[in-house]
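Engineer: pasting the structure only:
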């Protein structure tokens, strides 16, 4: 029997795609007491709002976005998908130099000088046209260094750095350019510049008659709808936790053996067999699909494969504090936006604030989510801050920046330990090395999840699908 280790969204998706492709018995073991990983929704039906502890929205973009929408359709969650086409969803702000600054959200905005940028952002493209090309040693550099080199310090400091805080709670000066700008980096390395590279590749694409329609068998109806209606993002009516819940229901309906509080402590590979120590019992499997965090897998293989374990441990993780706030009033936010992020140069203890009630209806309530910590968690809060300490910090900056000084009617404080892997410089090569090691020793092991192929919901679901497709192609099952 094939085993999936990890019951987060990637592990559940792997189980789903495995059943779709092979229709064989399957077991899923999750170390915690619940399924869904960092996706967690707290509902308040009486007040008509929800708190999302982890991810809250999904972007319907590209092949991975289309794949998730296909999954939403397959699970019959169509009617649950609530798109946001509201202008607020496209308004992104940063807090810099003591004020909230609206980032350009249209072509015209690129030609205006908007604080905190010293010049219109369009000038950054001209800088790229005349900047000298540079062949980067070892084929990677930090996303901050790349942006600064090609587009200027302002773009790197106030554009890229806060974006990295919002996506992975990391430091842009450490995160690999290949994390978000792999395509742009490759074009610069190949053609000597980003803008010129985009022009040439677009020309070649046009001459070849290529397009960017998702390469899946059928384009999901929801994906086509998202294009027609110009969705910027969507959520599920009863919260994103509905997705792992529906996946769990499907898996159980197909007699999948799902166990929680079932931590794997050791993996031993013996020819075509894998022996696992789970809750003190030996469990055997022909193939293991690992959706656990990479540091947990490292601990499981350290005795038999110390080199693989060492490579897995090179992927760092960060802690994030999430503070959800609900105010029983709908007119507290003067700015209508998705929220704001704080550039690290400001040296504030918060990463940003999401305006949940601006983009989606919260039935007359103002709902905010304050994100804190990440790369700077211990520096700002020590090792074990109390919930009250974190709440006090969140309320202080909600007051200081948004001028909301009343007590929230309801709040929740969560500390998500080691929740987001960091794709530091060299990450792409590390993953190649890890998978090459597995292939070289013919280990019956597949890897999916946030540590390898992207940290977003679309990424980890698509990662699971691709690993199952590779199993089918290799005839390993």
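Structural biologist: The structure has been received and is ready for your questions. Keep in mind the model is a prediction, meaning the values are calculated, not measured.
Engineer: only C-alpha atoms for contact and neighbour calcs from this point on.
Structural biologist: Noted.
Engineer: tell me which other helices or strands the strand or helix carrying residue 166 touches.
Structural biologist: Using DSSP states H and E, residue 166 maps to helix 161-168. When contacts are defined as 3 or more CA pairs under 8 Å, 6 or more residues apart in numbering; DSSP states H and E, helix 161-168 packs onto strand 339-341, strand 350-355.
Engineer: spatially nearest residue to residue 233 (excluding sequence neighbours)?
Structural biologist: Nearest residue to residue 233 in three dimensions, chain neighbours excluded: residue 59, at 4.5 Å (CA to CA, 6 or more residues apart in numbering).
Engineer: quick one: neighbours of that neighbour, just the number.
Structural biologist: Using other CA atoms under 10 Å, residue 59 is surrounded by 20 other residues.
Engineer: wait, it touches residue 65, no?
Structural biologist: Yes - shown here, residue 59 and residue 65 form a contact pair, counting by CA atoms under 8 Å, at 6.5 Å.
Engineer: quick one: contacts of the helix holding residue 166?
Structural biologist: For helix 161-168, the external contacting residues (CA atoms under 8 Å, 6 or more residues apart in numbering) are 94, 144, 170-173, 341-344, 351-352, 374, 420-422, 455.
Engineer: and the pLDDT for the residue nearest to residue 233?
Structural biologist: What the model reports as pLDDT for residue 59 is 93.
Engineer: ok, now residue 210?
Structural biologist: With respect to pLDDT, residue 210 scores 60.
Engineer: which ones are touching the residue nearest to residue 233?
Structural biologist: If you count contacts by CA under 8 Å, 6+ apart, then residue 59 has 65, 232, 233, 234, 458 around it.
Engineer: mind doing that once more with 10 Å?
Structural biologist: Under the criterion of CA atoms under 10 Å, 6 or more residues apart in numbering, the contact partners of residue 59 comprise 65-66, 68-69, 83, 226, 231-235, 456-458.
Engineer: returning to what we had before: give me the common contacts of residue 59 and residue 65.
Structural biologist: Where contact means CA under 10 Å, 6+ apart, the residues bridging residue 59 and residue 65 through contact with each are 457, 458.
Engineer: what's the closest non-adjacent residue to residue 95?
Structural biologist: Using CA to CA, 6+ apart and skipping the chain neighbours, the partner closest in space to residue 95 is residue 342 (5.2 Å).
Engineer: now the one you found, what are its backbone angles?
Structural biologist: When quoted as degrees, to the nearest 10, the phi and psi of residue 342 stand at phi -120, psi 120.
Engineer: could you give the angle of the helix holding residue 166 to strand 350-355?
Structural biologist: Using axes from the mean of the first three to the mean of the last three CA atoms, to 10 degrees, the direction of helix 161-168 lies 70 degrees away from that of strand 350-355.
Engineer: distance between helix 161-168 and the chain's centre?
Structural biologist: 11 Å (CA atoms, centre = their mean, to the nearest Å).
Engineer: next, work out how far apart the residue of the chain positioned farthest from its centre and residue 1 are.
Structural biologist: Seen from the C-alpha centroid of the chain, the residue lying at the greatest distance (CA atoms, centre = their mean) is residue 271, 35.2 Å away. The spacing between residue 271 and residue 1, counted by CA to CA, to the nearest Å, is 16 Å.
Engineer: okay if I get the contacts of residue 59 as CSV plus distance to residue 106, pLDDT and secondary structure?
Structural biologist: Conversion of the contacts of residue 59 to CSV gives the following (distance: CA to CA, whole Å; pLDDT from 0 to 100; DSSP: H, G, I helix; E, B strand; the rest coil):
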residue, distance to residue 106, pLDDT, secondary structure
65, 22, 96, helix
66, 24, 96, helix
68, 27, 97, helix
69, 26, 96, helix
83, 20, 88, strand
226, 19, 91, helix
231, 15, 91, coil
232, 13, 87, coil
233, 17, 91, strand
234, 20, 94, strand
235, 24, 92, strand
456, 25, 95, coil
457, 26, 97, helix
458, 25, 97, helix
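Engineer: from the residues you listed, which single one is nearest residue 157?
Structural biologist: Set against residue 157, the nearest of those by CA to CA is residue 456 (22.9 Å).
Engineer: hang on, isn't the closest one packed against residue 450?
Structural biologist: Yes - applying CA atoms under 10 Å as the test, residue 456 and residue 450 come out as touching, 7.3 Å apart.
Engineer: more crowded one of these two?
Structural biologist: For residue 456 against residue 450, the residue with the higher neighbour count under other CA under 10 Å is residue 450, and the figures read 25 against 18.
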